[in-house]
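Participant: Just the structure for this:
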Amino acid sequence: MLSDSSIFAALPDGAPAHKPSLLMVDDQTVNIHVMYRAFAEDCQVFKATNGKTALQLCESKLPDLVLLDIEMPEMDGFEVCRRLKANETTRNIPVIFVTSHSDPEKETLGLELGAVDFISKPINPSVLRARVRTHLLLKYQSDALRSLAFRDGLTTLFNRRFFDHQLEMEWSRSVRQASSLAIILLDVDFFKRYNDHYGHQTGDDCLREIASTVKGSLRRKTDIAARYGGEEFICLLPETSQDNAMEIAEKISKRLQERALPHLYSDVSQYVTLSMGVASSIGGELEAEQLIALADQRLYNAKNSGRARVCGETPAVKN
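Facilitator: Numbers count the residues shown, from 1 in each chain. Here you go, the predicted model:
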């Protein structure tokens, strides 16, 4: 039997190490306070007292689960749930209605809109915690299954298919929110020579090391690193300015230098290096395809300027 001492008791080995994040939505702060006390110790908690704020937090914070009141002014819980499920960014976030309603028709409507559960008020903290544990476990399992279809078999990074899906979604979000979206396109310098001289098995090990370095250099769970093809990698960075994306690219380069992977057949270094192109767009000023094309052009500039460098404009910037 699961202990009530921690939400983590329900999560299997291999689940994400970060605390689960919950969004509590209720126009009555006393209800939020009761729910907060039930989860404050072992969850990251966000709060909203109206539907508009709840939708904004779901897009920006991507909580693992939403506890949602039905009766709220201006926008009720049903409409909030409807909008969450209609949005590609937030549709996979589980919604539990926490409500004083016991009407079967309202419960049926909520489930038809995509909610996963109903909990009645007044709130019983033990019941609430048990239900949340169950749905966090189900979400983790669902995320894990989806992830398998979107992972590169060699590096375990996301694959090109997943990246293309996320790019479309994040580009649409940047248009709605007039926010910045940045891309880093990375290519391993003289990798054919590396494979020719060290062998393809060692080449695969090298790609895994680079993948680990790239992924470990990203800052937030919304940042995406993917294998783009062959020895090319790509990073998708929502709400990231050009300057911040350049800093991340420089961090990747520095961390790879610290790993000191030998490459005696490179013309630019005795170690494995990367050439990178960085591009960004604010509020959809560039189409998604144009953003990739600009990053690719800057990657070409980096290679044409001597490799082993980051290029966010012309001329390239040396590491």
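
Participant: Excluding chain neighbours, give the residue nearest to residue 115 in space.
Facilitator: residue 95 (4.6 Å; Cβ to Cβ, 6 or more residues apart in numbering). Where C-beta positions appear, they are placed from N, C-alpha and C, glycine not excepted.

Participant: Keeping just the C-alphas, turn the one helix or strand residue 225 maps to into PDB.
Facilitator: In this structure, residue 225 is located in strand 224-229 according to DSSP states H and E. Output of strand 224-229 as PDB, limited to C-alpha atoms (Å, rounded to 0.1, in the frame of the first residue of the first chain):
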ATOM      1  CA  ILE A 224      14.400  20.900 -26.400                       C
ATOM      2  CA  ALA A 225      17.500  19.200 -27.700                       C
ATOM      3  CA  ALA A 226      17.100  16.800 -30.700                       C
ATOM      4  CA  ARG A 227      19.200  14.900 -33.200                       C
ATOM      5  CA  TYR A 228      18.500  16.500 -36.500                       C
ATOM      6  CA  GLY A 229      20.300  14.000 -38.700                       C
END
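
Participant: next structured bit after that strand?
Facilitator: Immediately after strand 224-229, counting by DSSP H and E, sits strand 232-238.

Participant: by contact count, what packs against that next one?
Facilitator: Strand 232-238 is packed against helix 160-177, strand 180-188, helix 200-216, strand 224-229, helix 242-259, with contacts defined by 3 or more Cβ pairs under 8 Å, 6 or more residues apart in numbering; DSSP states H and E.

Participant: 10 Å instead, please
Facilitator: Applying 3 or more Cβ pairs under 10 Å, 6 or more residues apart in numbering; DSSP states H and E, we find strand 232-238 packed against helix 160-177, strand 180-188, helix 200-216, strand 224-229, helix 242-259, strand 274-282, helix 288-304.

Participant: Compare those and give me the one nearest residue 109.
Facilitator: helix 160-177 (26.7 Å; Cβ to Cβ).

Participant: Pull the distance from that closest one to the chain's centre.
Facilitator: 11 Å (Cα atoms, centre = their mean, to the nearest Å).

Participant: and if you look at stretch 124-133?
Facilitator: Counting by Cα atoms, centre = their mean, stretch 124-133 comes out at 27 Å from the chain centroid.

Participant: Extract the C-alpha trace of it and format it as CSV.
Facilitator: The C-alpha trace of stretch 124-133 is given here as CSV (Å, rounded to 0.1, in the frame of the first residue of the first chain):
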residue,chain,number,x,y,z
ASN,A,124,-10.6,15.8,2.1
PRO,A,125,-6.8,16.3,1.9
SER,A,126,-6.0,12.5,2.1
VAL,A,127,-8.5,11.7,-0.7
LEU,A,128,-7.1,14.7,-2.8
ARG,A,129,-3.5,13.5,-2.4
ALA,A,130,-4.4,9.9,-3.3
ARG,A,131,-6.2,11.0,-6.5
VAL,A,132,-3.4,13.3,-7.5
ARG,A,133,-0.8,10.6,-6.9
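
Participant: What's the mean pLDDT across that stretch?
Facilitator: Across stretch 124-133, the average pLDDT comes to 92.

Participant: got the buried residues for that stretch?
Facilitator: 128-129, 131-133 (16 or more other Cβ atoms under 10 Å).

Participant: again with stretch 63-72
Facilitator: 63-70, 72.

Participant: Among the residues you listed, which one sits closest to residue 204?
Facilitator: Distance to residue 204 across those (Cβ to Cβ) is lowest for residue 64, with 33.7 Å.

Participant: show me the contacts for that closest one.
Facilitator: Residues in contact with residue 64 (Cβ atoms under 10 Å, 6 or more residues apart in numbering) are 7, 16, 18-23, 43-44, 93-94, 132, 135-136, 139-140, 143.

Participant: Now it. Its backbone dihedrals?
Facilitator: phi -80, psi -20 (degrees, to the nearest 10).

Participant: For the residue nearest to residue 115, what are phi and psi?
Facilitator: phi -120, psi 130.

Participant: So it sits against residue 85, correct?
Facilitator: Yes: using Cβ atoms under 10 Å, residue 95 makes contact with residue 85 at a distance of 8.0 Å.

Participant: Once you drop chain neighbours, what's closest to the residue nearest the centre of the chain?
Facilitator: Nearest to the mean C-alpha position of the chain, by Cα atoms, centre = their mean, lies residue 222 at 2.6 Å. Nearest residue to residue 222, sequence neighbours excluded (Cβ to Cβ, 6+ apart): residue 238, at 5.1 Å.

Participant: before we move on, back to that, out of the contacts of residue 64, which end up buried?
Facilitator: Here, 16+ other Cβ under 10 Å leaves 7, 20-23, 43, 93-94, 132, 135-136, 139-140 buried among these.
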